[in-house]
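S.K.: Kindly generate the corresponding structure for this input.
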Amino acid sequence: MSRLTIAASLLLAIPSTSFSQQQASFNDKTGLISAALFETKDAAALTVGLAPLSTAQLAKDQREIRIWYSSFGNPQFLVIIRQSGASTTGRLLLWWDQYYESTPTTADKRVDNFVRATYDCGPISKRDSQYGEDRWVSSVCEAKVKGSPDWNGFLSQVESHALPQNTAPAEQDQNWGITVERKSGVSYGVSHYHTDLSIGAPEPGRGPKLQDMVNALAATAKRQSATAQH
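M.R.: Coordinates of the predicted model:
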């Protein structure tokens, strides 16, 4: 059984939770950030026809931010913000992984049903993915967020955290937490905010402000019946 299969078996229909957090930042994928941190993230991007941001081609006046929030529960969240000149746009993607032992058709479908019942989102895109010994079906759908999200507020929060040199311990390179990718033209950078898991109801203010902002954005995409249960 792969190193991620056991963890994946726990990530069925558990709501996103709150964490205490310890910040660890990095400035590229070739230093302390290992490829393992991006194995499922890059797969999710490819599932919806996006290139991994590190290899994406952007014009000189274009900028893209990807905020990946991975918690003890599914779905996981990806906020994508793009700037082109004076225009700023954003979107929220829901993504999750369904691991299997033999064939993709044996992958668990319970998360699919949970996402459809809980969130208002578009069609679910799927892709058979692999990394080393891990095999999984990468699933993604775009959330239909309500209202007028403050995309510039997300940008301001991202910009408030500088990208220092690679000085954090390598063991803090974890899949859990918040990973922020930034790209302007050909300049690319990454920050990872390691979070300690604690199962329970979300408690705003316990973790990074970005965690609260992503949770609040995702809440606007919840179906009315699901919202009433919380």
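S.K.: for Val111, helix, strand, or coil?
M.R.: helix (DSSP: H, G, I helix; E, B strand; the rest coil).
S.K.: Return the distance of it relative to Lys60.
M.R.: With distances taken as C-beta to C-beta, to the nearest Å, Val111 is found 40 Å from Lys60. Using the backbone N, CA and C atoms, a C-beta is placed for each residue, glycine as well.
S.K.: Compare these two and say which one has the larger neighbour count.
M.R.: The neighbour count for Val111 versus Lys60, taken as other C-beta atoms under 10 Å, is higher for Val111 (22 against 8).
S.K.: okay, the more buried one: pLDDT?
M.R.: Per-residue pLDDT puts Val111 at 93.
S.K.: With Arg91 instead?
M.R.: We have a pLDDT of 98 for Arg91.
S.K.: gap between it and His192?
M.R.: 22 Å.
S.K.: neighbour count winner among these two?
M.R.: Between Arg91 and His192, His192 has the larger neighbour count (other C-beta under 10 Å), namely 24 against 15.
S.K.: Distance check, that one against Ser84.
M.R.: 27 Å.
S.K.: Show me which positions of the helix or strand hosting Leu217 end up buried.
M.R.: Leu217 belongs to helix 209-219 when assigned by DSSP states H and E. Residues of helix 209-219 classed as buried: Leu210, Gln211, Asp212, Met213, Val214, Asn215, Leu217, Ala218, Ala219 (neighbour count, 16 or more other C-beta atoms under 10 Å).
S.K.: Extract the CA atoms of it and return them as PDB.
M.R.: Taking Å, rounded to 0.1, in the frame of the first residue of the first chain, the C-alpha atoms of helix 209-219 are listed here in PDB:
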ATOM      1  CA  LYS A 209      -5.700  34.600   7.500                       C
ATOM      2  CA  LEU A 210      -5.600  33.000   4.100                       C
ATOM      3  CA  GLN A 211      -7.200  29.900   5.600                       C
ATOM      4  CA  ASP A 212     -10.200  31.900   6.800                       C
ATOM      5  CA  MET A 213     -10.500  33.700   3.500                       C
ATOM      6  CA  VAL A 214     -10.500  30.500   1.500                       C
ATOM      7  CA  ASN A 215     -13.000  28.900   3.800                       C
ATOM      8  CA  ALA A 216     -15.300  31.900   3.600                       C
ATOM      9  CA  LEU A 217     -15.100  31.800  -0.200                       C
ATOM     10  CA  ALA A 218     -15.900  28.100  -0.300                       C
ATOM     11  CA  ALA A 219     -18.800  28.700   2.000                       C
END
